[in-house]
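A.B. asks: What shape does this take:
(one chain, ligands or ions: 1)
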Amino acid sequence: MAFPSTRLRRLRSSDALRALVRETRLELDDLVMPLFACPGEGVVRPLEGLDGIAQRSVDELVREAAALHSLGVRAVLLFGIPEEKDEEGSGAWEHDGIVQRALRALRAEAPGLTLATDVCLCEYTSHGHCGVLRDGEVANDETLELLARTAVSHVEAGADVVAPSDMMDGRVGAIREALPDTPIVSYAAKYASAFYGPFREVAESAPAFGDRRGYQMDPTNVREALRECALDLDEGADVLMVKPALPYLDVIRAVRDRFDCPLAAYNVSGEYAMVKAAAAAGHLDERSAALESLVAIKRAGADIVFTYWAKDVARWL
Ligand code: PBG
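C.D. replies: Predicted structure coming up:
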């Protein structure tokens, strides 16, 4: 049945009709807001052009988390910027490390807010790589024990969920063995991406030499992403993640079609920065572009979106 009897515009004629036939919905329940904890007191250090992303001392972080929670944001992802870095990244698992202190404060001051932590060494190592170095290479198996130790210290300090982002082989299994009851969101298909640029400035985690292509995935590959996902599920992951999101919508769709577990996508700092910059220059409307981006990520198949827009979405919806 073709034109003129079929007219798809009929169902677009009012807001109520468009809402009735809407296939994809964005809800606050789907979103996780990343937060960065740093030493000090009364510190809020934003990056130019990236409001919404800032380093915050624990007192300020608690204030921000409480504000997020009262706006209806239900989950945050914590990163830490430590006072000192060393070769092994020992600040990652210290009892009084920056993330551990933030977790204890948040647990007390923002009960009911789901606390997820990023488990990685790159913010804590002096060389900025995501694992320990042996002969100039990131040593996979030696790093596993340190990641598991880090995840355990997060849970002891109050984390509800741990999210390993290092891309070492076998890290989900190592963490699962140490933490049989903790949900693991695995950054399963994490690509070596140019879109992490602003994050590395906020997290002070750019590698001092070389790059991350020896452990993060090559942007050209999708079958390999499915293998990463299958392995992580076998090792005990509860949720898979694809990262970045917008340049990898096809990967999100492929993972969604292959696996039945919950699927997350990380709308990363560079994706956010591009829209911020274009909006600041007057080229597009931030709110519309952000909501369209987030819906696209959900339409591709993600259930959960990690996004710096979570707070704004809470105001917009
Ligand atoms: C840590 C980590 C990174 C991001 C999340 N966890 C940076 C990286 O791998 O270099 C990026 C997040 C973003 O860009 O918003 N390994």
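
A.B. asks: can you list the residues of the chain near the ligand?
C.D. replies: 118, 120, 122, 130, 165, 196, 199-200, 212, 268-269 (CB under 6 Å from any ligand atom). Where you see a C-beta, it was placed from the backbone N, CA and C, and this is true even at glycine.

A.B. asks: Name the surrounding residues that touch the helix or strand containing residue 172.
C.D. replies: According to DSSP states H and E, residue 172 maps onto helix 171-178. With contact meaning CB atoms under 8 Å, 6 or more residues apart in numbering, helix 171-178 is reached by 119, 143-145, 147-149, 151-152, 162, 164, 182, 184, 186, 231-232, 235-237.

A.B. asks: follow-up on the earlier one: export the residues of the chain next to the ligand to JSON lines and append columns for neighbour count, secondary structure and pLDDT.
C.D. replies: Listed next are the residues of the chain next to the ligand as JSON lines, based on neighbours: other CB atoms under 10 Å; DSSP: H, G, I helix; E, B strand; the rest coil; pLDDT from 0 to 100:
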{"residue": "118", "neighbour count": "25", "secondary structure": "strand", "pLDDT": "98"}
{"residue": "120", "neighbour count": "27", "secondary structure": "coil", "pLDDT": "97"}
{"residue": "122", "neighbour count": "24", "secondary structure": "coil", "pLDDT": "96"}
{"residue": "130", "neighbour count": "27", "secondary structure": "coil", "pLDDT": "96"}
{"residue": "165", "neighbour count": "22", "secondary structure": "coil", "pLDDT": "97"}
{"residue": "196", "neighbour count": "22", "secondary structure": "helix", "pLDDT": "96"}
{"residue": "199", "neighbour count": "23", "secondary structure": "helix", "pLDDT": "93"}
{"residue": "200", "neighbour count": "16", "secondary structure": "helix", "pLDDT": "91"}
{"residue": "212", "neighbour count": "21", "secondary structure": "coil", "pLDDT": "95"}
{"residue": "268", "neighbour count": "25", "secondary structure": "coil", "pLDDT": "98"}
{"residue": "269", "neighbour count": "24", "secondary structure": "helix", "pLDDT": "96"}
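
A.B. asks: What is the most widely separated pair among these?
C.D. replies: For the residues of the chain next to the ligand, the maximum inter-member distance is 16.5 Å, found between 130 and 269 (CB to CB).

A.B. asks: Tell me the spacing between the residue lying closest to residue 236 once chain neighbours are set aside and residue 88.
C.D. replies: Counting by CB to CB, 6 or more residues apart in numbering, residue 236 lies nearest to residue 176, which is 3.3 Å off, once chain neighbours are set aside. Between residue 176 and residue 88 the distance is 22 Å, computed by CB to CB, to the nearest Å.

A.B. asks: now swap in residue 59 and tell me
C.D. replies: Taking CB to CB, one finds residue 59 at 29 Å from residue 88.

A.B. asks: swap in residue 158?
C.D. replies: As judged by CB to CB, residue 158 and residue 88 stand 24 Å apart.

A.B. asks: Could you do residue 50 as well?
C.D. replies: Counting by CB to CB, the gap from residue 50 to residue 88 is 30 Å.

A.B. asks: ditto for residue 48
C.D. replies: Distance from residue 48 to residue 88, counting by CB to CB: 33 Å.

A.B. asks: With residue 61 instead?
C.D. replies: Residue 61 is 25 Å from residue 88, where distance means CB to CB.

A.B. asks: Mind checking which of these two has more residues around it?
C.D. replies: Applying other CB atoms under 10 Å to residue 61 and residue 88 shows that residue 61 carries more neighbours, namely 27 against 18.

A.B. asks: so which helix or strand takes in the more buried one?
C.D. replies: Assigned by DSSP H and E, residue 61 falls within helix 58-71.

A.B. asks: Buried residues, that helix. List them.
C.D. replies: 58, 60-62, 64-65, 68-69 (16 or more other CB atoms under 10 Å).
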